[in-house]
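J.: Here is the input, now give the coordinates:
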Amino acid sequence: MKLNEIRDNPGAVKERMRVGRGIGSGKGKTGGRGVKGQKSRSGVSIKAFEGGQMPIYRRVPKRGFNNPGARDLNEVNIGRVQQAVDAGKLDASNPVTIEALVAAGVCSRVRDGVKILGVGELKAKLTFEVVAASKSARAAIEAAGGAVKASDDAVAQA
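T.: Model (predicted):
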């Protein structure tokens, strides 16, 4: 076999249907587009156009509020933090920050910070430097001998 003899297997490549090439081709005259009208022509853009009627996306009332100032926080349970400490991925002597959690594989990326939630059990004495912590998480951390330094505390006191 030579390089110039290399071919695809028979039937591996199917010839494309050339439309609009006479009635004998099976795709002649209208070329598979039906008949008449805007949709039978090329360059059509009428996705939401309803023939002059008010489109549904404008008829339907809008609800709710999209807060532009909302923070996108990582939510981490104390049980997951304890797993990372047990696995040796988190050092109990250093404060637990979002960067430390990302390095340990607890969070995938930094986002706007981290909020600690109280699901699970915490045995290690840890210091948390986070954006926020729930009341149950705070209680569990302080019961284990740790401390929480949350940036929401400064906002709440001001």
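J.: Residue 126: how many residues sit nearby?
T.: By other C-beta atoms under 10 Å, the residues close to residue 126 number 24. To be clear about C-beta, it is placed using only N, CA and C from the backbone, and glycine gets the same treatment.
J.: Find the residue closest to it in space, skipping its chain neighbours.
T.: residue 146 (4.4 Å; C-beta to C-beta, 6 or more residues apart in numbering).
J.: Hmm, the one you found is touching residue 128, no?
T.: Yes: the pair residue 146 / residue 128 is scored as a contact, 6.9 Å apart, by C-beta atoms under 8 Å.
J.: So these two - more neighbours on which side?
T.: residue 128 (23 against 19).
J.: Helix, strand, or coil at the more buried one?
T.: strand (DSSP: H, G, I helix; E, B strand; the rest coil).
J.: can you offset everything so residue one is 31?
T.: Understood, numbering begins at 31; the last thing we discussed is residue 158.
J.: so what's it bridging to?
T.: Beta-bridge partners of residue 158, counted by DSSP bridges, are residue 126, residue 178.
J.: That one contacts residue 128, doesn't it?
T.: No: the pair residue 158 / residue 128 is not scored as a contact, 10.2 Å apart, by C-beta under 8 Å.
J.: dump the residue contacts of residue 148.
T.: Contact criterion C-beta atoms under 8 Å, 6 or more residues apart in numbering gives 107, 108, 164, 165, 166, 167, 168, 169, 170 as the residues in contact with residue 148.
J.: neighbours of the fifth one, just the number please.
T.: For residue 166, the count of nearby residues is 13 (other C-beta under 10 Å).
J.: how close does it sit to residue 91?
T.: Taking C-beta to C-beta, to the nearest Å as the measure, residue 166 and residue 91 are separated by 39 Å.
J.: again with the third one
T.: Applying C-beta to C-beta, the value for residue 164 to residue 91 is 35 Å.
J.: ranges for the strands of the protein?
T.: 104-107, 144-147, 157-160, 162-163, 177-180 (DSSP state E).
J.: Now distance to residue 75 too, for those, in TSV please.
T.: Compiled in TSV, the strands of the chain are given as follows (distance: least, C-beta to C-beta, whole Å):
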stretch	distance to residue 75
strand 104-107	41
strand 144-147	44
strand 157-160	49
strand 162-163	46
strand 177-180	51
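J.: got these as TSV, with mean pLDDT columns?
T.: As requested, the strands of the chain are exported to TSV (pLDDT from 0 to 100):
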stretch	mean pLDDT
strand 104-107	97
strand 144-147	96
strand 157-160	96
strand 162-163	96
strand 177-180	94
